[in-house]
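A.B. asks: sequence? don't have it. structure:
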């Protein structure tokens, strides 16, 4: 998964006025787009840089390698999902409102774009076993983050019995979402956020 050496600085090199954090964010956004469209193996760093508005040298100034950029793009994708959930899911949310909170969380991000990226990372990990531990690490972080929120909410509502271990509930919610997005072409009109919210509401209604 190597790439060519960094180019010489060109006129589109980020100026001293461009904050480093902005440069990194633009490169990560561009990387997510290019990896999803072209695949990790086929994607070139000069294309990522051009998409972000910089030279390839800017990539090497912010990431040690293409592998590092891929790992950071995965981290950003995980952070976006968990960030949306953590902003909305709170312990004091009433049982009658938790489904709508889940719907709002799903509506914050483009599921199709996220899944295209996830599918590419998963496929690359299958073909390149040395990349699998990195993929697993980020997916585990997502599962742990969702479990943390599930435990937070149910811990504040001891009167509600989920009917299964919270670890299993968390896994089922994530699996339902991923599966529905994966089969989106065969399930026209099915909204994964609506289905997951319905599952949450069904569990919460149990006494």
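C.D. replies: Arrived safely, thanks for sending. A quick note: this is a predicted structure, and the numbers were derived from the prediction, not measured.
A.B. asks: Would you mind pulling the contact partners of stretch 144-158?
C.D. replies: Stretch 144-158 is touched from outside by 78, 82, 85-86, 89-93, 95, 98, 160, 162, 166-167, 169-170, 173-174, with contacts defined as Cβ atoms under 8 Å, 6 or more residues apart in numbering. Every residue, glycine included, has its C-beta placed from N, CA and C.
A.B. asks: try it again with 10 Å
C.D. replies: Taking Cβ atoms under 10 Å, 6 or more residues apart in numbering as the criterion, the residues outside stretch 144-158 that touch it are 78-79, 81-83, 85-86, 88-95, 98, 101, 105, 160-162, 166-167, 169-171, 173-174, 177, 200, 203-204.
A.B. asks: Show me which of the residues you listed are buried.
C.D. replies: Restricting the contacts of stretch 144-158 to buried positions leaves 78, 81-82, 85, 88-89, 93, 98, 101, 105, 160, 169-170, 173-174, 177, 200, 203-204, with burial counted as 16 or more other Cβ atoms under 10 Å.
A.B. asks: Of the residues you listed, which belong to strands?
C.D. replies: With DSSP state E as the criterion, strands contain none of those.
A.B. asks: Check which helix or strand residue 122 maps to.
C.D. replies: Secondary structure here is read from DSSP states H and E; on that basis residue 122 sits in helix 111-127.
A.B. asks: Next step: the contacts of stretch 144-158 restricted to helices.
C.D. replies: In helices, judged by DSSP state H, the following of these are found: 78-79, 81-83, 85-86, 88, 98, 101, 105, 166-167, 169-171, 173-174, 177, 200, 203-204.
A.B. asks: Distance check, residue 86 against residue 63.
C.D. replies: Residue 86 sits 26 Å away from residue 63, taking Cβ to Cβ, to the nearest Å as the criterion.
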